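Any chance you could fold what I've pasted below:
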Amino acid sequence: MIRRILGATALCTLAGLWPVAVLAQADEPPLLAEAVQAKQLPPMHERVPKKPLVVNFDGAKRLPGKHGGDLRMLMAKDRDIRMMVVYGYARVVGYDEGLEFVPDIVERYENVGDREFTFHLRPGHRWSDGQPFTSADFRYFWEDVLNNKMLSPIGLPQALLVNGKGPKVSFPDALTVRYAWDEPNPLFLPALAAPSPLFIYRPAHYLKQFHPRYIGEEKAKEQAAAFKARNWAGLHNKKDEQYRFDNPDLPTLEPWINTTPLPTTRFVLVRNPYFHRVDQAGRQLPYIDRVIINLSDEKLVPAKTGAGESDLQARYLRFDDYTFLKQGEKRNDYKVRLWKTVKGSQIALYPNLNAADPVWRDLLRDVRFRRALSLAIDRHEINEVIYFGLVQPSNNTVLPQSPLFEKRFRDAWTKFDIQQANLLLDRIGLTKRDKRGIRLMPDGRPLEIVVDTAGESTEETDVLELIRDSWRKIGVALFTRPSQREVFRQRIFSGQSIMSTWSGLNNGIPTAEMSPEELAPLKQDQLEWPQWGNHVESKGKGGEPPALPEARELLALFEAWRRAETNTERDRIWRRMLEIHAEQQFTIGTVTGNLQPVVVSGVLRNVPAEGLYNWDPGAYFGMYRPDTFWLDVRKGF
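Numbers count the residues shown, from 1 in each chain. Model prediction:
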């Protein structure tokens with residue numbers, strides 16, 4: 001297993017001219033050998049940076065590999081090509097497997113009190129087309145993209161703002177970039193390390209051909225018209241799809257290059273000949289030559305995976321596919337591994353505190369009502385019936401793997417207690433019932449909760465069926481309303497939905513350094529308080545300010561976390577925010593620790609037997625560096 005991703009500096013100190021001397025003798029990836037011999041490409045020791053990032057293997061769980069082969073994967077939509085930016089996980093600064101920040105694209109960096117960040121680039125680093133990667137690429141992004149109102153009409157992203165103020169950015173030389181704020185900005189490094197990262201650089205040499213500052217207004221307009229773009233900015237943005245990864249002409253720093261334009265049903269990605277990582281023997285990564293992505297209906301992905309049509313698959317697989325997938329292991333030469341998911345709750349309920357119906361809104365904002373609903377969920381039954389006893393009943397909170405975990409956060413209001421739940425509802429005044437035994441709301445309507453779902457999971461449906469049965473015992477009826485995801489979200493944002501279901505906290509394993517933004521009303525897409533989040537996100541232009549004092553305290557705590565200068569203070573703030581959520585039950589969790597099937601071909605090496613399958617932090621496979629995965633033998637392929 002990779003213990004840590006190291007900058008080459010330390011190894012160079014120990015081995016003198018190690019990189020150049022070793023790289024000159026290292027094996028050339030066979031896929032590129034012919035191009036090197038024909039002088040269409042420089043030899044490997046001239047392609048990689050003078051100080052590459054060196055990946056050390058411990059020789060136990062992971063081994064140095066061999067170059068070559070095609071890795072097959074399945075995706076459902078052409079936009080899923082962006083997942084190769086997630087999996088490739090080439091970042092200015094990224095997480096290692098211990099969730100510590102380490103340099104990656106940059107050779108090293110200095111962080112002074114979260115106020116000033118200085119990045120030192122790798123000498124000789126190049127884009128995938130062979131052009132130098134320097135501070136000029138950071139300058140282009142800062143001056144010509146971010147500070148151009150046509151390209152960035154809404155201004156700087158939140159991760160670059162501290163109290164509404166942007167950074168002072170300087171470029172001391174070709175290999176140095178500095179970002180500085182007057183106050184701490186703890187959001188900066190996590191944004192750089194994210195699965196969908198803040199790209200603070202652009203391939204200037206490529207994008208200048210679409211920018212009027214470099215080609216003139218007339219030519220920029222002519223080009224936009226030729227490409228049928230609304231204006232030059234629309235064309236520039238279309239060409240500059242760093243994350244979407246659907247422009248094959250756009251130079252990249254990722255381990256593989258997308259060669260296939262849209263529309264398509266099959267993507268072919270080839271190795272980046274200028275990728276900046278090498279193994280300890282000096283072999284350039286990635287080991288695998290090509291990644292082939294075939295598109296299929298997402299409902300067919302489990303069946304195709306079970307038929308052996310994918311070498312590495314987790315996307316579009318669920319735990320309820322596990323039994324079927326296990327049956328095909330021997331026949332199709334693959335293994336099904338179970339990685340832990342680290343969401344705050346596998347399935348959570350989101351009372352809409354911004355419901356448009358005033359009677360429902362008042363009821364949902366009463367903490368006694370939310371607590372009663374939580375107490376009336378039999379989480380032990382859900383664990384045994386749906387998850388075979390393999391998960392943990394829990395609130396929607398951080399997991400035991402997080403240093404911020406406290407048992408009281410996990411267990412508050414989660415004990416199955418029908419008597420206490422009924423008592424709370426009686427105290428609210430919901431004592432009248434209809435002939436069915438369903439309680440009546442203050443205006444005489446039956447207490448029937450319609451839970452909106454995106455209709456994407458039978459697992460979700462099964463859990464809601466069990467909750468429906470237990471809620472009947474407290475006089476609450478539950479109905480589900482599945483809809484397409486866009487309709488689902490619009491119903492919530494508009495207040496038509498009174499409750500919805502989704503997974504819990506995206507990051508169940510945070511450290512104090514990571515942002516607690518999920519816990520405060522900051523964005524419209526937070527299902528429990530979309531209007532409050534919209535108010536903050538739009539800087540008061542939309543939505544409405546938080547009406548509950550606890551929600552306002554969460555906002556104040558988040559701002560205090562942003563200003564905090566020590567991890568001790570950030571730790572204290574995190575715990576208070578988690579405490580508020582546990583007591584207030586703004587979201588109602590069910591179980592945590594669900595397992596994610598990961599199907600791995602019998603010839604694919606270096607994929608961890610155990611891992612964490614998570615969006616942020618983790619980038620799914622990204623944290624485990626797929627550029628180090630390799631194919632031992634390619635049988636009949």
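
quick one, what contacts the nearest residue to Gln131 once chain neighbours are set aside?
Using Cβ to Cβ, 6 or more residues apart in numbering and skipping the chain neighbours, the partner closest in space to Gln131 is His205 (4.9 Å). Glycine gets a C-beta too; all of them are placed from N, C-alpha and C. Counting by Cβ atoms under 8 Å, 6 or more residues apart in numbering, His205 makes contact with 127, 131, 251.

Which one (most neighbours) among those residues?
Pro251 (22 neighbours; other Cβ atoms under 10 Å).

And what about it, helix, strand or coil?
coil (DSSP: H, G, I helix; E, B strand; the rest coil).

Pretty sure it sits against Pro132.
No. Using Cβ atoms under 8 Å, Pro251 makes no contact with Pro132, being 10.9 Å away.

Quickly list what the spatially closest residue to Val291 that is not a sequence neighbour is bridged to.
Leaving aside its sequence neighbours, Val291 sits nearest to Leu269 (Cβ to Cβ, 6+ apart; 4.3 Å). With DSSP bridges as the criterion, Leu269 is bridged to Asn258, Val291.

which ones are touching Leu269?
84, 256-260, 290-293.

Flag the shaky bits of the protein, pLDDT-wise.
Applying pLDDT under 70 to the chain flags the ranges 1-25, 59-60, 634-637.

Moving C-terminal from whichever helix in the chain runs longest, which element do we reach first?
Determined from DSSP state H, the single longest helix within the chain is helix 567-584. Next in sequence after helix 567-584, counting helices and strands by DSSP states H and E, comes strand 591-592.

so the residue nearest to Gln131 is in which element?
Per DSSP H and E: helix 204-207 holds His205.

got the buried residues for the following helix or strand past that helix?
Per DSSP H and E, helix 204-207 leads on to helix 212-215 as the next helix or strand towards the C-terminus. Of the residues in helix 212-215, Pro212 count as buried by neighbour count, 16 or more other Cβ atoms under 10 Å.

which helices and strands sit right next to the longest helix of the chain?
helix 367-375, helix 407-411, helix 549-563 (3 or more Cβ pairs under 8 Å, 6 or more residues apart in numbering; DSSP states H and E).

Now tabulate the ones you listed in CSV and tack on mean neighbour count.
Output for the helices and strands packed on helix 567-584, formatted as CSV (neighbours: other Cβ atoms under 10 Å):
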stretch, mean neighbour count
helix 367-375, 22
helix 407-411, 15
helix 549-563, 17
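
can you tell which of these is closest to Lys238?
helix 549-563 (33.8 Å; Cβ to Cβ).

Can you tell me which helices and strands that closest one packs against?
By 3+ Cβ pairs under 8 Å, 6+ apart, helix 549-563 packs against helix 567-584.

and the angle from the helix it packs on to helix 549-563?
Counting by axes from the mean of the first three to the mean of the last three Cα atoms, to 10 degrees, helix 567-584 lies at 160 degrees to helix 549-563.

Give me the buried stretch members for helix 567-584, please.
Applying 16+ other Cβ under 10 Å to helix 567-584 flags 570-578, 580-582, 584 as buried.

Let's have these in CSV, adding distance to Gly98.
Below are these laid out as CSV (distance: Cβ to Cβ, whole Å):
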residue, distance to Gly98
Arg570, 18
Asp571, 17
Arg572, 23
Ile573, 23
Trp574, 19
Arg575, 21
Arg576, 26
Met577, 24
Leu578, 22
Ile580, 29
His581, 26
Ala582, 27
Gln584, 32
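
I'd like to know how many residues surround Ile474.
Ile474 has 24 nearby residues by other Cβ under 10 Å.

dump the residue contacts of it.
Here Ile474 is in contact with 372, 376, 418, 421-422, 425, 439 (criterion: Cβ under 8 Å, 6+ apart).

Kindly recompute the last result at 6 Å.
Ile474 makes contact with 376, 421-422, according to Cβ atoms under 6 Å, 6 or more residues apart in numbering.

Most neighbours of all the residues you listed, which one?
So for those (other Cβ under 10 Å), the most neighbours sit at Ala421, 26 neighbours.

And that residue, how close does it get to Trp360?
19 Å (Cβ to Cβ, to the nearest Å).

Might you report the residue contacts of Ala477?
Contacts of Ala477 by Cβ under 6 Å, 6+ apart are 438, 448.

residue ranges for the helices of the stretch 301-450 of the chain, please.
Using DSSP state H, counting those that start in this stretch, the helices of the stretch 301-450 of the chain run over residues 301-306, 322-327, 329-332, 358-364, 367-375, 379-387, 407-411, 418-428.

For my notes, please list those helices in CSV and give distance to Asn352 for each entry.
Putting the helices of the stretch 301-450 of the chain into CSV (distance: least, Cβ to Cβ, whole Å) gives the following:
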stretch, distance to Asn352
helix 301-306, 32
helix 322-327, 33
helix 329-332, 43
helix 358-364, 7
helix 367-375, 12
helix 379-387, 22
helix 407-411, 23
helix 418-428, 18
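
Give the buried residues for stretch 202-219.
Under 16+ other Cβ under 10 Å, the buried positions of stretch 202-219 are 202-207, 210-212.

Likewise for stretch 99-113?
Applying 16+ other Cβ under 10 Å to stretch 99-113 flags 99, 101-109 as buried.

hmm, which two among the residues you listed are most spread apart?
Leu99 and Glu107 (21.5 Å).

Need the distance between the two termini of stretch 287-306.
25 Å (Cα to Cα, to the nearest Å).

what's near enough to touch Phe621?
Contacts of Phe621 by Cβ under 6 Å, 6+ apart are Tyr87.

Just read off the phi/psi values of it.
The phi/psi pair for Phe621 (degrees, to the nearest 10) reads phi -80, psi -20.

in what helix or strand does Ala35 lie?
Using DSSP H and E, Ala35 falls in helix 30-37.

Determine the number of other residues adjacent to Ala38.
Quick note: Ala38 (other Cβ under 10 Å) scores 8 neighbours.

Give me the distance between it and Pro248.
22 Å.

got it, and Leu390?
Taking Cβ to Cβ, one finds Leu390 at 43 Å from Pro248.

again, but for Leu53
Leu53 is 25 Å from Pro248, by Cβ to Cβ.

So those two - more neighbours on which side?
Between Leu53 and Pro248, counting by other Cβ under 10 Å, Leu53 is the more crowded of the two (24 against 15).

Could you pull up the contacting residues of that one?
Leu53 sits in contact with 276-277, where contact means Cβ under 6 Å, 6+ apart.

now swap in the one 10 residues further on and tell me
Shown in contact with Leu63 (Cβ under 6 Å, 6+ apart): Phe57.

phi, psi of it?
Torsion angles, degrees, to the nearest 10, at Leu63: phi -130, psi 150.

Also Val169?
Torsion angles, degrees, to the nearest 10, at Val169: phi -110, psi 130.

Skipping adjacent residues, who's closest to it in space?
Trp142 (4.9 Å).

so that neighbour, which of the three states?
helix.

count of neighbours near it?
With other Cβ under 10 Å as criterion, Trp142 counts 22.

same deal with the one 5 residues further on?
A count of neighbours around Asn147, defined by other Cβ under 10 Å, yields 14.

now the one 5 residues further on
Ser152 sits with 16 neighbouring residues when counted by other Cβ under 10 Å.

do the same with Asp182
Quick note: Asp182 (other Cβ under 10 Å) scores 11 neighbours.

next one: phi and psi at it?
Per degrees, to the nearest 10, the backbone of Asp182 is at phi -70, psi -30.

Look up how far Lys168 lies from it.
Counting by Cβ to Cβ, the gap from Asp182 to Lys168 is 9 Å.

What is the distance between the helix or strand following the helix holding Ala35 and the centre of its chain?
Next along the chain after helix 30-37, taking DSSP H and E as the criterion, comes helix 44-47. Centre-to-centre, helix 44-47 and its host chain are 33 Å apart (Cα atoms, centre = their mean, to the nearest Å).

Using PDB, write out every CA atom in helix 44-47.
Extracted in PDB, the C-alpha atoms of helix 44-47 (Å, rounded to 0.1, in the frame of the first residue of the first chain):
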ATOM      1  CA  MET A  44      11.000   9.600 -20.700                       C
ATOM      2  CA  HIS A  45      13.700  11.200 -18.600                       C
ATOM      3  CA  GLU A  46      13.100  14.400 -20.600                       C
ATOM      4  CA  ARG A  47       9.300  14.200 -20.400                       C
END
